[in-house]
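**Q** Build me a model:
(one chain, ligands or ions: 1)
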Amino acid sequence: MPKNHICLYPDEVLKIRAGEIGNIDLEIIDLAEDMKNIMYTAPGVGLAAPQVGFSRRLILVDPTANKEPGNLTTLINPVIIEQEGSDTDSEMCLSVPEVSVDVPRAERIVVQGVTLEGKEIRIEAEGFLARIFQHEIDHLDGKVILDYASHLKRSIYLKKRKKGKL
Ligand code: ZN
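**A** Residues are numbered from 1 along each chain as shown. Next up is the predicted model:
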């Protein structure tokens, strides 16, 4: 199980579509617990399982993780079922250190998924919270913020990474 390791782009696990979770077994419960510790230690406002090396559809989101942790949502197999509006803002990612990218996102979304207790839920989110959900769900589809960046920004990052500077 992961301890505090965050996979960095271009690790392969960050570029592939993560698998649906069928059974919420002990492995998934442990994974969610480890991810929680990793996310709050970083700290980050969201984390997706591929970022810790597990290609499964599990995300954690806490919009106040930096200031006052306690608004944690853990969601299995999340799907955006409604979206509205559009807004562009800069985003950072624990898997793409020292980079910020302007990313267009829907302004309001409804996301559906399953809790760790196996209950199906729907969450309405807007603004920053909606943005985090969309960022984390992107990870489950093998997409990172660099996919929204210019070729130049992308190649600068990849060069730095190759030289071991990140
Ligand atoms: Zn990210």
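**Q** The longest helix anywhere in the chain: how far from the chain's middle?
**A** With residue count as the measure and DSSP state H as the assignment, the chain has helix 26-41 as its longest helix. Between the centre of helix 26-41 and the centre of its chain there are 13 Å (Cα atoms, centre = their mean, to the nearest Å).
**Q** Identify the residues contacting the nearest residue to H5 once chain neighbours are set aside.
**A** Excluding its sequence neighbours, the residue lying closest to H5 (Cβ to Cβ, 6 or more residues apart in numbering) is V52, at 6.5 Å. Every residue, glycine included, has its C-beta placed from N, CA and C. Counting by Cβ atoms under 8 Å, 6 or more residues apart in numbering, V52 touches 2, 5-7, 31, 34-35, 38.
**Q** residues near K36, how many?
**A** The number of residues packed near K36 is 17, by other Cβ atoms under 10 Å.
**Q** where's the closest residue to it other than its chain neighbours relative to I6, distance?
**A** Excluding the flanking residues, the one nearest K36 by Cβ to Cβ, 6+ apart is L60, at 6.1 Å. Computed with Cβ to Cβ, to the nearest Å, the distance linking L60 and I6 is 13 Å.
**Q** of the two, who's got more company?
**A** When neighbours are counted by other Cβ under 10 Å, L60 and I6 differ, and L60 comes out ahead with 24 against 19.
**Q** Can you tell me which residue is spatially central in the protein?
**A** E136 (2.6 Å; Cα atoms, centre = their mean).
**Q** any idea how far it lies from L47?
**A** Distance from E136 to L47, by Cβ to Cβ: 7 Å.
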